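> Pasting a predicted model and its sequence here:
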Amino acid sequence: MVLAHSVKDWIFVSDAHFTGKDPEAMEAFLKFLDSEKNQMGHFVILGDLFEFFFGFKNFFSHEKSSIFTDYLPVFRKLQSLFHEGIRIKYFEGNHDFFLHSFFAEQFEMEVDVYPNGCEERLGGKRAFIAHGDLSNPGQWTYRIFRKILKNRWTYRLIHFAGPRLSRQIAQKLSDLSYQKYHNDIPATP
């Protein structure tokens, strides 16, 4: 009897920006993961899975009272994939902060977290994998902004403000950004 060698796929997702306000989109995403899990060897999140994601130590300490309960279905699905032997990698985007120990502490699962990207071998070739905000080295003003946004002092400030206030501020900033960068996009005919 000869067993066929099964090659597991790398599945990449990026920029879902889930907020909990669109349960249909989140449900479609969860169904997609279910449909692909048998072929999946690595699940790679290239940042911004949620509109705001900070690795608070008490993110879900009281699940029923947490302001992030709307994120739970996605985390439960990631936990399920992990327990099925799928390797999960999370590359922090510009909406993700301080995740280095979040998954282990909150969900007892091993997730490789990369704040700045890394080099991987895919199909025998070297590839640099990161969130898209790191793709243009010529955006020096953004890179300065990112260094301000992603440093220990900002993390301390966000941690001090707590989940509720931080999420409200993040939503306001997101709304302003959306108005600035998306209102001028013409509708497709």
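The structure has been received and is ready for your questions.
> pLDDT weak spots in the protein?
1-7, 58-67, 180-189 (pLDDT under 70).
> Do a quick rundown of the helices in it.
23-36, 72-83, 102-107, 140-149, 152-182 (DSSP state H).
> can you list the ones you listed in JSON lines and add distance to Gly117?
Every C-beta, even on glycine, is put in place using the N, C-alpha and C of the backbone. Converted to JSON lines, those look like this (distance: least, Cβ to Cβ, whole Å):
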{"stretch": "helix 23-36", "distance to Gly117": "23"}
{"stretch": "helix 72-83", "distance to Gly117": "20"}
{"stretch": "helix 102-107", "distance to Gly117": "18"}
{"stretch": "helix 140-149", "distance to Gly117": "12"}
{"stretch": "helix 152-182", "distance to Gly117": "19"}
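> nearest to Asp48, of those?
helix 152-182 (10.4 Å; Cβ to Cβ).
> how much does that closest one deviate in direction from helix 140-149?
140 degrees (axes from the mean of the first three to the mean of the last three Cα atoms, to 10 degrees).
> Check which helices and strands helix 152-182 is in contact with.
strand 53-54, strand 96-97 (3 or more Cβ pairs under 8 Å, 6 or more residues apart in numbering; DSSP states H and E).
> Run through the neighbouring helices and strands of the last one.
To tie it back to what came earlier, the one meant is strand 96-97. strand 53-54, helix 152-182.
> right, and the ones you listed - which one's nearest Met26?
Judging the helices and strands packed on strand 96-97 by Cβ to Cβ, what sits closest to Met26 is strand 53-54, at 13.9 Å.
> still on that earlier bit, minimum distance to Ala130: which of the helices and strands packed on strand 96-97 has it?
Closest among these, once you apply Cβ to Cβ, is strand 53-54, at 16.4 Å.
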